[in-house]
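**Student:** Structure for the following, please:
(chains A and B)
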There are 2 protein chains.
Amino acid sequence: MRIILASASPRRRELLGQIGLAFEVRLSGVEEKAASAEPGAMVCGLSAQKAEAVLAECREPQDVLVIGADTVVVLDGRILGKPSCAEEAARMLEELSGRTHEVYTGVTLLYRPEAGRYTPGEDGSQKNGFRRKTFYEKTKVSFYPVSKEEIALYVNSGECMDKAGAYGIQGLFARYVQGIEGDYNNVVGLPVGRIYQEVKEWLT
Amino acid sequence: MRIILASASPRRRELLGQIGLAFEVRLSGVEEKAASAEPGAMVCGLSAQKAEAVLAECREPQDVLVIGADTVVVLDGRILGKPSCAEEAARMLEELSGRTHEVYTGVTLLYRPEAGRYTPGEDGSQKNGFRRKTFYEKTKVSFYPVSKEEIALYVNSGECMDKAGAYGIQGLFARYVQGIEGDYNNVVGLPVGRIYQEVKEWLT
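**Tutor:** Numbers count the residues shown, from 1 in each chain, chains lettered A, B, ... in the order given. Below you'll find the model as predicted:
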């Protein structure tokens, strides 16, 4: 089986490698659109769009497992995505300082058997051994208070720019993390414990 | 100020570097002895012995901050240290499988001002600007069930041998980690968030 990670994130790539799976990265040019404002449904939907777009372009005859994922940060029910500029990053971090927020990562796992072992339905649906799972994991993250000067220094480091909520828990920002409740790797961007548990029966 | 990490652990070294502190590693040949069977008191005591032994050998005139740390895994009130052989590692992991345990890391921070700015007391105590903090952090860790075959494979990987509780949360074993409650880095071996908060006033 060929495992394909449908994400450009170097952090997700590292995590999937960490649990010992051999995989490759593929991206589709398709732009995802959120269909729900509820965080769990939103990240599940976006992860599914990423995985489906990549699977649609898989031309190899052997069986493939495509993994799509999407992460958002939620504070008081409001979704914080990736900051568009340094000012927005600083604003996000000021809001998160000294408080507890939630990180949602949605995951979609699509398994397509090898060619000849399934028949695509006339309506485009795929049956006969085709498998699909979508879920999300939620982790609570508590920050120590972070001063304006500390935020300015951190934003200056550049670490925050491509990350939901404007921080990387696995980087310099660990200085300000008091604790979490849930899966740590989910905050980094991929709940590899849950993923492994979900796919291990497919791997054998 | 010179920062000295009194630990041989490559994981602790990595974590302290991650939060952006410049430091060096020094070890003392002194063998620590646990003075308490209560996990919190035990790791605090052992971390203090490590830091004190290294500070006692510091000969430089400038001010130094020595960081000592000790980590244990606790299941049902019983302390699991580092496994002495593959069989013991497998036994530990069988006990931890499908359950929640606790990881305690004790930390001692010793700050000695530059020479001439303090006077050692006649009884060996150090006053006049000498500072000391000892604390521990506790993190709960929940594992998915791990089969005997999975444990055998993991033990075979060698990853478990120098680690309290016979697993590395930051390695392959992430496959089996359902979630945690508390500081993740505390499980890896050094609660760098808490350490940074405790020493930041000393750094300026």
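**Student:** residues in chain A within reach of chain B, list them.
**Tutor:** Selection of chain A residues close to chain B by Cβ under 8 Å from any Cβ of the partner chain yields A:15, A:18-20, A:139, A:144, A:169-172, A:174-185, A:192-194, A:196-197. Backbone N, C-alpha and C define where each C-beta goes, glycine included.
**Student:** From the residues you listed, keep the buried residues only.
**Tutor:** Of the members of the residues of chain A next to chain B, the ones counted as buried by neighbours, 16 or more other Cβ atoms under 10 Å in any protein chain shown, are A:15, A:18-19, A:139, A:144, A:169-172, A:174-185, A:192-194, A:196.
**Student:** Show me these that map onto helices.
**Tutor:** Secondary-structure check on those using DSSP state H: residues within helices are A:15, A:18, A:184-185, A:192-194, A:196.
**Student:** can you put those residues in JSON lines and add distance to A:Q62 and pLDDT?
**Tutor:** Formatted as JSON lines, these follow (distance: Cβ to Cβ, whole Å; pLDDT from 0 to 100):
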{"residue": "A:L15", "distance to A:Q62": "24", "pLDDT": "97"}
{"residue": "A:Q18", "distance to A:Q62": "25", "pLDDT": "95"}
{"residue": "A:Y184", "distance to A:Q62": "33", "pLDDT": "98"}
{"residue": "A:N185", "distance to A:Q62": "28", "pLDDT": "98"}
{"residue": "A:V192", "distance to A:Q62": "23", "pLDDT": "98"}
{"residue": "A:G193", "distance to A:Q62": "27", "pLDDT": "98"}
{"residue": "A:R194", "distance to A:Q62": "26", "pLDDT": "98"}
{"residue": "A:Y196", "distance to A:Q62": "21", "pLDDT": "97"}
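**Student:** Which of the residues you listed lies at the shortest distance from A:V72?
**Tutor:** For those, the closest approach to A:V72 (Cβ to Cβ) belongs to A:N185, at 15.8 Å.
**Student:** Tell me which stretches of chain A form strands.
**Tutor:** In chain A, the segments counted as strands under DSSP state E are A:2-5, A:24-25, A:64-75, A:78-80, A:100-112, A:131-143, A:177-182.
**Student:** which strands and helices sit next to the last one?
**Tutor:** It refers to strand A:177-182. Contact partners of strand A:177-182 among helices and strands, from 3 or more Cβ pairs under 8 Å, 6 or more residues apart in numbering or on different chains; DSSP states H and E: strand A:131-143, strand B:177-182, helix B:192-203.
**Student:** Compare those and say which comes out lowest on pLDDT.
**Tutor:** If the helices and strands packed on strand A:177-182 are sorted by mean pLDDT, helix B:192-203 sits at the bottom with a mean of 94.
**Student:** Around A:N128, how many other residues sit close by?
**Tutor:** A:N128: 10 surrounding residues under other Cβ atoms under 10 Å in any protein chain shown.
**Student:** so A:T100 touches A:V141, yeah?
**Tutor:** Yes: contact criterion Cβ atoms under 8 Å: A:T100 and A:V141 qualify, at 6.8 Å.
**Student:** okay, those two: which has more neighbours?
**Tutor:** A side-by-side neighbour count of A:T100 and A:V141, using other Cβ under 10 Å, places A:V141 first with 23 against 14.
**Student:** That's all I had, so thanks and see you.
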